[in-house]
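# Return atomic coordinates for the entry below.
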Amino acid sequence: MDAFKDRLSQQAHDTGRPALAHQSRGRALSTQETALAEALMEIYGKGTHDFAAVAEKLTAKNITAPVSGRTDWSEALLAGELTAINADMDAAYEANGYGA
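Numbers count the residues shown, from 1 in each chain. Take a look at the predicted model:
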């Protein structure tokens with residue numbers, strides 16, 4: 001781990017940019033995006049990977065979809081939310097650049 005931190009530190013020095021925890025984010029995550037990310041990590045961590053099953057677990061956990069505000073997750077809603085969030089994060093990165 002220290003070698004990784006040293007490499008990041010060297011890259012920051014070489015580029016003149018600070019080493020950031022989230023270099024690829026053009027904006028911070030919203031509260032709903034953070035809740036979704038944490039729920040997904042927990043669900044995936046327990047071995048569930050099928051989108052339909054993941055959607056069922058998100059519904060059971062009453063996780064609010066960041067874009068639509070819905071809590072009745074389906075496979076299509078999950079795919080749509082992730083696509084929309086990804087597009088928004090890409091746009092924020094393009095607009096704001098390095099780190100958020």
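
# Torsion angles phi and psi at the residue nearest the centre of the chain?
By CA atoms, centre = their mean, the chain has its centre lying nearest to Ala37, at 5.6 Å. Main-chain dihedrals, Ala37, degrees, to the nearest 10: phi -60, psi -40.

# What sits closest to it if chain neighbours are left out?
Of all residues not flanking Ala37 in the chain, Leu29 sits nearest, at 6.8 Å (CB to CB, 6 or more residues apart in numbering). Where you see a C-beta, it was placed from the backbone N, CA and C, and this is true even at glycine.

# tell me the SS of the one you found?
Counting by DSSP: H, G, I helix; E, B strand; the rest coil, the backbone at Leu29 sits in coil.

# how near is it to Asp90?
Noted for Leu29: a distance of 14 Å to Asp90, by CB to CB, to the nearest Å.

# Equivalent analysis for Lys57, please.
27 Å.

# Looking at those two, which is more packed in?
Comparing Lys57 with Asp90 by neighbour count (other CB atoms under 10 Å), the higher total belongs to Lys57, at 17 against 12.

# Let me see the contact set for the closest residue to that one other than its chain neighbours.
Counting by CB to CB, 6+ apart, the nearest residue to Lys57 once its immediate chain neighbours are dropped is Ile43, at 4.9 Å. For Ile43, the contacting residues are Val54, Lys57, Leu58, by CB atoms under 8 Å, 6 or more residues apart in numbering.
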